[in-house]
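Asks: Sequence unavailable; structure follows:
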């Protein structure tokens, strides 16, 4: 069982930066691949980024590539999402999730999910 709690969301201006954190409970965190997803009002939830269990490999959605960085610290049971050059279209609730399937961009493949944290980008 893994419980996930996101933090770090908030209001930021266009072009600004924000770092999201996702703290995991349980001693098996390092055995899971982790992902970030987001859902904007009136839109479907979409994949943002994923990182493998060791932190050695990452993948990103095209919409955030070059602007967002996913990382993890297994000693702290935490995964991060550093967001830079934020745009209004990045406004959404951001969720972290844990999966035993590497490289998945499918929400259904992530068996543990957090409650989400709101990110609002304003001009």
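Replies: Sure thing, it's come through. Predicted model only: the values in this text are computed from it and were never measured.
Asks: out of everything not next to it in sequence, what's closest to the residue most central in space within the chain?
Replies: The centre of the chain sits closest to residue 36, judged by Cα atoms, centre = their mean, with a distance of 2.5 Å. In this structure, residue 36 finds its nearest non-sequential neighbour in residue 48, 4.2 Å apart by Cβ to Cβ, 6 or more residues apart in numbering. Where C-beta positions appear, they are placed from N, C-alpha and C, glycine not excepted.
Asks: before we move on, what about residue 78?
Replies: Closest residue to residue 78 apart from its sequence neighbours, by Cβ to Cβ, 6+ apart: residue 23 at 5.3 Å.
Asks: How about the secondary structure of residue 93?
Replies: Under DSSP: H, G, I helix; E, B strand; the rest coil, the three-state class of residue 93 is strand.
Asks: Now do it against residue 36, distance only.
Replies: Noted for residue 93: a distance of 11 Å to residue 36, by Cβ to Cβ, to the nearest Å.
Asks: now do residue 61
Replies: From residue 61 to residue 36 the distance is 9 Å (Cβ to Cβ).
Asks: Find residues that contact each of those two.
Replies: 48-49 (Cβ atoms under 8 Å, 6 or more residues apart in numbering).
Asks: what number of residues lie near residue 34?
Replies: 29 (other Cβ atoms under 10 Å).
Asks: And stretch 78-86, what's buried?
Replies: 78-81, 83, 86 (16 or more other Cβ atoms under 10 Å).
Asks: any chance of the residues you listed in CSV, with distance to residue 19, secondary structure and pLDDT too?
Replies: Converted to CSV, these look like this (distance: Cβ to Cβ, whole Å; DSSP: H, G, I helix; E, B strand; the rest coil; pLDDT from 0 to 100):
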residue, distance to residue 19, secondary structure, pLDDT
78, 11, strand, 97
79, 11, strand, 98
80, 6, strand, 98
81, 7, strand, 98
83, 7, strand, 98
86, 11, coil, 98
